[in-house]
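**Q** My questions concern the predicted model and sequence given below.
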Amino acid sequence: MTNNRPSPVGIMRLINGYWATGVLAAAATHSVFTHLEHGAGTATELASRAAVAERGAQALLDGLVSVGLVELHEGRYRNTPEAATYLVEDSPVSLAPFARLKLTHTGSLTDLAEVVRAGGPVKDDAVVEVANNPHWEGIVTAIAAQSVPAAALAAEVLALADAGEISILDVGGGSGIYSGIWLETNPAARATQLDWAPINEIALRLLAERGVGDRFTTVDGDFHTTDFGTAAYDVAVYSHIAHQESPESNVEVFTRLRQALKPGGTLVVNDYVVDDDRSGPAFPLIFASEMLLKTRQGSTWTRSDYRDWLVKAGFEDVSFHTAEPATLVVAR
């Protein structure tokens, strides 16, 4: 009977999943992936470059091999292609700051069982979407890299490089990552970001550093109540916001965005979208628990949800484009 049992290893790995979060965050804190990329191939070399104990360096390397981010080749450690791409520092797509940030969020998971019972947050400070939250400086810059591939893909889908003098509205734009990439792609374009004042201050600084600040303006306000204007923009973007909103709120915002676009204008929505039967993809499915923990009405919504909302808002052509782990929804 015992020999017919499936292995418990997968379950044990999930039960102890916080180890992976901790190892990854600690490695990012000590720039392990950057040091490996620059030639530190042993625990001794890594300890010297990172100024950590050799025992600590070896434990991190063992953990990173375990989770598939580092591999051992002829006695030397090296990053996997994924780690080399997304965890080495000073790269536009580096997720190392996000890895450090998420370690600070793990404590909230202890509330998940009660949150499931209640159907939403059980602590007042669990909902973070408020203007005066001091975490914005850290989180806005940490999560920007997640949107780089989607913003670049959207620029291709919309052929922005050849679009000429267009006007862009970025609702809840955070770091201004879409505006930054799109303004670099199209030197004739101009962009406006609507967000809370503390966040807009961050975006203004970051886009000035990118050299496109002279074509970037901001409007301080809450997108739920601030007027978007009428027939004022060629392109609008609504990235990683729909998941925190209710269906009714998304229809209302999409309707106002449709009004804000010029005839023939395009709305780009980027978010974690699940299949209509909720069988996948894996990351958007598990992200639904994050929304349960931190929002009153949010979730990960299906392709049919987005299509229905956008049609109700007045859009006629809706298409989907994979930008893993997210999906671009393009509506005209």
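**A** Everything's here; your move.
**Q** ok, what's across the strand from Val235?
**A** Note on Val235: beta-bridge partners Ile168, Thr266, judged by DSSP bridges.
**Q** if I pick it, what's in contact with it?
**A** Going by C-beta atoms under 8 Å, 6 or more residues apart in numbering, Val235 touches Leu158, Leu160, Ile166, Ser167, Ile168, Leu169, Trp182, Leu261, Gly265, Thr266, Leu267, Val268. (Glycine included, C-beta is placed from N, CA and C.)
**Q** Among those residues, which one lies nearest to His240?
**A** Distance to His240 across the contacts of Val235 (C-beta to C-beta) is lowest for Val268, with 11.8 Å.
**Q** Per-residue pLDDT of that closest one, please?
**A** On pLDDT, Val268 comes in at 98.
**Q** Confirm it sits in a strand?
**A** Yes: counting by DSSP: H, G, I helix; E, B strand; the rest coil, one finds Val268 located in a strand.
**Q** Wait, it touches Tyr238, no?
**A** Yes: here Val268 lies in contact with Tyr238, judged by C-beta atoms under 8 Å, at a distance of 7.3 Å.
**Q** sorry, back to before: return the closest of the contacts of Val235 with respect to His73.
**A** Closest to His73, out of all of those and judged by C-beta to C-beta, is Trp182, at 39.7 Å.
**Q** got a list of what the most centrally placed residue in the chain touches?
**A** By C-alpha atoms, centre = their mean, the mean C-alpha position of the chain lies nearest to Gln146, the distance being 4.1 Å. Counting by C-beta under 8 Å, 6+ apart, Gln146 makes contact with Leu95, Phe98, His240, Ala326.
**Q** Could you tell me what pLDDT the model assigned to the last one?
**A** The pLDDT attached to Ala326 in the predicted structure is 96.
**Q** what's the answer for the first one, then?
**A** At Leu95 the predicted local confidence, pLDDT, stands at 96.
**Q** Could you measure from Thr226 over to Val32?
**A** From Thr226 across to Val32, the span is 43 Å (C-beta to C-beta, to the nearest Å).
**Q** So between the two, which is more surrounded?
**A** For Thr226 and Val32, the more surrounded residue by other C-beta atoms under 10 Å is Val32, and the numbers stand at 30 against 14.
**Q** Let me have the contacts of Val235 in a markdown table, adding neighbour count and distance to Val251 as columns.
**A** Formatted as a markdown table, those follow (neighbours: other C-beta atoms under 10 Å; distance: C-beta to C-beta, whole Å):
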| residue | neighbour count | distance to Val251 |
| --- | --- | --- |
| Leu158 | 21 | 23 |
| Leu160 | 22 | 27 |
| Ile166 | 19 | 26 |
| Ser167 | 16 | 24 |
| Ile168 | 25 | 23 |
| Leu169 | 25 | 18 |
| Trp182 | 27 | 26 |
| Leu261 | 25 | 16 |
| Gly265 | 21 | 18 |
| Thr266 | 22 | 18 |
| Leu267 | 24 | 13 |
| Val268 | 25 | 17 |
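**Q** May I see these organised as CSV, with distance to Val52 added?
**A** Shown next, in CSV, are these (distance: C-beta to C-beta, whole Å):
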residue, distance to Val52
Leu158, 45
Leu160, 44
Ile166, 49
Ser167, 50
Ile168, 44
Leu169, 46
Trp182, 40
Leu261, 52
Gly265, 52
Thr266, 49
Leu267, 47
Val268, 43
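**Q** Can you classify the residue nearest to the centre of the chain by secondary structure?
**A** Classified using three-state DSSP, Gln146 is helix.
**Q** next one: the one 5 residues further on
**A** At Ala151, secondary structure determined by three-state DSSP is helix.
**Q** That one: how many residues sit nearby?
**A** Here the count is done by other C-beta under 10 Å, and Ala151 has 24 residues near it.
**Q** For Pro81, see how far away it is.
**A** From Ala151 across to Pro81, the span is 22 Å (C-beta to C-beta).
**Q** for Thr104, same thing?
**A** Using C-beta to C-beta, we find Thr104 at a distance of 28 Å from Pro81.
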